[in-house]
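> pasted the sequence and its predicted model underneath.
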Amino acid sequence: MSSIENISSPPRGHSVAAESSDRAPILANAAYLIPAIVALLAFFILPTFVTIGLSFTDWRLGARSLSFVGLDNYRDLLASGAFNDTLWNTLKLNLFVIPTSFLTALLLALAIHSQTRLAAFWQTVFFLPVTSTLVAMAIVWQWVLHPQVGMAAWVLRQLGLNPINWLNDPDLVLYTIGFISMWQLVGYYMVLFLAGLLAIPRHLYEAAQMDGARSGLDRFVHVTWPMLGPTALFVLIITIIKSLQIFDVVRVLTKGGPNGASEIILHTLYQEGFIYFRTGIAAAIATLFFLVMLALTLYQMRVFDRRVHYS
Amino acid sequence: MTGISLNAVSKRFGATDVVRDVSLDVAGGEFVSLLGPSGCGKTTLLRMIAGLETVTAGEICMGGETIQHLSPSARNIAMVFQSYALYPHKTVFENVAFPLLMQQSMVLRLPWLRHLVPNRHRVDAEIAARVDPVCHLLGIDHLTARKPAQLSGGQRQRVALARAMVREPKLFLMDEPLSNLDAKLRAATRAEIIDLHRRLGVTFLYVTHDQGEAMTMSSRIVLLNEGRIQQVGTPLDLYNDPANLFVAEFIGLPKINVLDLHADGKEGRIDGIVLREMPSEIDGVPTPRGAQLHVGLRPEALQLCSEDHPHAMSGPVHIIEHLGNEAILRVSKDAKDICIRVQPEQAIGLSPGRTVSFRPAWERALLFDANGSRLRATRLRAAA
């Protein structure tokens, strides 16, 4: 028990026993960790490395042999005009979806937060798409956007305008896809913002009023926005991740068309991997995608963590 | 110096009357406490003056002008919140400077766009020239670069005071500003606020539930209960000459002792002691035989005596509180605790359970009718 005794007495049988009884719990603890480690390795770490490894081969799904091709897959991808278009499309889609959904969610949350009576109603209305299956909803959107029989076309005709072919116009299709994806997820971001708004102490607004903050803009700039910092950072990260993951709308509505105008990175990956079975190429795309995501996340954490105030 | 006057002000939340028909005149430069138990409407009253609550009925005037239609920022009133309500993302300097920043033009008030304004350096220098002396006065000038989270409770309290002071308001409102401080700091800050009031010379309205705070700090106390003013007066007025039983019981620590008195014509009886010159009528109605009245006796209006004194009452000592300069005896009597304030040496040798005899100084007794209203005209006198 007494540590002084242990130190002063020479290491004999007593302390050897103590050492071995110290080691036993370490082994036992390690044993408890094995299931978690095995699961992590089997489902997360190993697949990542297998994918990275496959990206250096010419393996096709189901093939009995494969050969090492070095960086050929990457070279081919980056040299291909189609893949560069894909990257460009993905960038355009994300540059549209990320800021618009972030700002729309914030504005909706602010509007709903200032309501007293209908807040719960509007909250439910805007959250409803989050709970729906996008594949099923995409079919509804297909009907809504149909250039002849769709509701959007009907509305435009009533306004005396020509119907627009939302999903087949190469200049529009990406934004249509972006809008549908945003429609589905904006309710989710809005709820996150609402939670952040509710956490701002009411007396801060009262103090601001007493201090002469006359306009809503003053209160937003000096109280709401800084206090919302951690929430906004979180929503931004989620928005970016979700936006980069857009796939199902494209798959169901356009399959990358017309003429590759809505071809985005995840859809190309799917085509290569599961339609053409060029697993090596698909793995190379997945690896590139993974690296971009990793870099983005690390950068966000670094930059924003310093600027955001956590009370 | 601007005073403030309330004229029949009421506040109703749904079906609940929180403040009822409050009229009050506060002269310029006064330090007035709004005192009362929790839920008495004192904070609501303060918030109505601040403009953070609407007024259901009545009128609030400042410097002769009605202000209840003005927004809080247009009233030139500063408020110190119970929680201090400092902006956690701003430094101490930015917190104190905020009311001055809000007096600037629209663009200068915006964090990023203000960099486009050519004269912003001059404006910022002017603001700093007003913030610095206030911070110096309150002894927080070495903390100006810190965020509120890095401050102690007492320091935050000073920042809140500095923020209220910086734009030189006509009226200071304080909502229990000391309740988040520990006892020692509270006493020290109390003295500082009194000092501050003297130095600034502006009107202070101070909400508290602590009668000791109200007694020591204010020039006048407004005692509220259930939304109504019970009494307005100097601390000693309220202590020595309470308007009703509620005031008598709320003011003073330990609490006033209340004994039941049976009125019987010109005589009254408490515990077998006959009292003479009872009021023959109350509110113009002759006192009925056997009417129940209340006698209030402050702990210092009771004194220990020998048991054979003609008006002695007795009971077992229940608790002895030695306070050094005095002692408080709590004596059980008819299921009540009677508090007696005695000299410290009188308490030496007493032990709980021992029966002591005591007698009231009847000339100091306060008489209340059955509803708790004070019967001022009557002085009690024990029959010889």
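Looks like it came in fine. Worth saying up front: this structure is predicted, and the values here are computed from it rather than measured.

> need phi/psi at the residue in the stretch 101-250 of chain B that chain A sits nearest to.
Using C-beta to the nearest C-beta, the closest approach of the stretch 101-250 of chain B to chain A is made by residue B:102 at 3.4 Å. Where C-beta positions appear, they are placed from N, C-alpha and C, glycine not excepted. When read as degrees, to the nearest 10, the backbone of residue B:102 gives phi -70, psi -10.

> list the contacts of it.
Contacts for residue B:102 (C-beta atoms under 8 Å, 6 or more residues apart in numbering or on different chains) come out as A:211, A:212, A:213, A:214, A:218, B:73, B:109.

> the nearest residue to it once chain neighbours are set aside and residue B:187: what is the separation?
Sequence neighbours aside, residue A:212 is the residue nearest to residue B:102 in space, at 3.4 Å (criterion: C-beta to C-beta, 6 or more residues apart in numbering or on different chains). In this view, residue A:212 and residue B:187 are 33 Å apart by C-beta to C-beta, to the nearest Å.

> what mean pLDDT does the helix ranked longest in chain A have?
For chain A, the longest helix by residue count, based on DSSP state H, is helix A:81-114. The pLDDT scores in helix A:81-114 average 91.

> now that helix: buried residues?
Judged by neighbour count using 16 or more other C-beta atoms under 10 Å in any protein chain shown, the buried positions of helix A:81-114 are A:83, A:85-87, A:89-90, A:93-94, A:96-98, A:100-102, A:104-106, A:108-110, A:112-113.

> in chain B, what spans have low per-residue confidence?
Within chain B, the stretches with pLDDT under 70 are B:265-266, B:272-289, B:378-384.

> which parts of it sit against chain A?
Proximity of chain B to chain A, by C-beta under 8 Å from any C-beta of the partner chain, involves residues B:50-52, B:71-74, B:77-79, B:81, B:83, B:85-90, B:98-99, B:102-103, B:109-111, B:147, B:149, B:163, B:167.

> of the residues you listed, keep whichever come out buried.
Applying 16+ other C-beta under 10 Å to these flags B:50-52, B:72-73, B:77-79, B:81, B:83, B:85-90, B:98-99, B:102, B:109-110, B:147, B:163, B:167 as buried.

> what about those, which are in strands?
When DSSP state E defines the strands, the subset of those inside them is B:77, B:78, B:79.

> SS state for residue A:149?
Secondary structure state of residue A:149, per DSSP: H, G, I helix; E, B strand; the rest coil, is coil.

> how close does it sit to chain B?
Separation of residue A:149 from chain B (C-beta to the nearest C-beta, to the nearest Å) stands at 49 Å.

> find the nearest non-adjacent residue to that residue, please.
Counting by C-beta to C-beta, 6+ apart, the residue nearest residue A:149 is residue A:143, at 7.4 Å.

> looking at this, that neighbour is in a strand?
No. Read with three-state DSSP, residue A:143 is helix and lies in no strand.

> didn't it look like it was pressed against residue A:150?
Yes. Counting by C-beta atoms under 8 Å, residue A:143 does reach residue A:150; the two are 6.1 Å apart.

> these two: which is more packed in?
Set residue A:143 next to residue A:150 and count neighbours by other C-beta atoms under 10 Å in any protein chain shown: residue A:150 wins out with 20 against 11.
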